[in-house]
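Enquirer: just the structure for this:
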Amino acid sequence: MADADLRAALARAKARLDTLDWYPEPVRIERVWVLVTPWFFRIPGFRRYRGYAFWRTIVVKEPYPSDDLLTHELCHIWQGQHRALHVSWKHLTTRYRSNPYELEARRAVSETSGSGVRHSV
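Expert: Below you'll find the predicted structure:
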């Protein structure tokens, strides 16, 4: 996927998150990068993921990430923009499946999908 396609997909994810009022400000994507890095997901501990969000970078395994995956990962960036310390603390102290920020990102995908059908991320 070309850079322009990834930027367009990121803009679609932002548009989905902009329909939610969970934080005081909408997610900012001006400095967010989406990188296709399949090698990253060969690192032990990251093998089970298809995407991962850092502070301003989303890394994805596949060259054509779904809009649901980008919405999920961009939600993590949005969370970090508003609650950076708490997000970091929960990441260190809470199991993945019960992490409230992980649950919220899944809910963001579900609530902003056109069909209302729950999607796995």
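Enquirer: mind naming the longest helix for this protein?
Expert: Ranked by number of residues, the top helix in the chain under DSSP state H is helix 67-93.
Enquirer: may I see the buried residues of it?
Expert: By neighbour count with 16 or more other C-beta atoms under 10 Å, helix 67-93 contains the buried residues 67-81, 87, 90. Every residue, glycine included, has its C-beta placed from N, CA and C.
Enquirer: for the residue most central in space within the chain, which residues are in contact?
Expert: In the chain, the residue lying closest to the centroid (C-alpha atoms, centre = their mean) is E73, at 0.6 Å. Residues in contact with E73 (C-beta atoms under 8 Å, 6 or more residues apart in numbering) are A13, G51, Y52, A53, I58, V60, A105.
Enquirer: out of the residues you listed, who's the most crowded?
Expert: In terms of neighbours by other C-beta atoms under 10 Å, these top out with A13 at 31 neighbours.
Enquirer: ok, the contacts of E73 vs P44, which is closest?
Expert: Nearest to P44 out of these is Y52 (C-beta to C-beta; 13.7 Å).
Enquirer: bridged to the closest one, which residues?
Expert: V59 (DSSP bridges).
Enquirer: pLDDT score assigned to it?
Expert: Taken from the predicted model, the pLDDT recorded for Y52 is 95.
Enquirer: please save the CA atoms from stretch 90-110 in PDB.
Expert: The C-alpha trace of stretch 90-110 is given here as PDB (Å, rounded to 0.1, in the frame of the first residue of the first chain):
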ATOM      1  CA  LYS A  90      -2.400   0.000  32.700                       C
ATOM      2  CA  HIS A  91      -0.200  -1.600  30.000                       C
ATOM      3  CA  LEU A  92       2.300  -2.600  32.600                       C
ATOM      4  CA  THR A  93      -0.100  -3.700  35.300                       C
ATOM      5  CA  THR A  94      -3.100  -5.200  33.500                       C
ATOM      6  CA  ARG A  95      -3.400  -8.300  31.400                       C
ATOM      7  CA  TYR A  96      -4.000  -7.700  27.700                       C
ATOM      8  CA  ARG A  97      -7.500  -9.100  27.600                       C
ATOM      9  CA  SER A  98      -8.800  -7.100  30.600                       C
ATOM     10  CA  ASN A  99      -6.900  -3.900  29.900                       C
ATOM     11  CA  PRO A 100      -9.600  -1.100  29.900                       C
ATOM     12  CA  TYR A 101      -7.900   0.700  27.000                       C
ATOM     13  CA  GLU A 102      -7.800  -2.500  24.900                       C
ATOM     14  CA  LEU A 103     -11.500  -3.000  25.600                       C
ATOM     15  CA  GLU A 104     -12.200   0.600  24.700                       C
ATOM     16  CA  ALA A 105     -10.300   0.300  21.400                       C
ATOM     17  CA  ARG A 106     -12.300  -2.800  20.500                       C
ATOM     18  CA  ARG A 107     -15.500  -1.000  21.400                       C
ATOM     19  CA  ALA A 108     -14.500   1.900  19.200                       C
ATOM     20  CA  VAL A 109     -14.300  -0.400  16.200                       C
ATOM     21  CA  SER A 110     -17.600  -2.000  17.100                       C
END
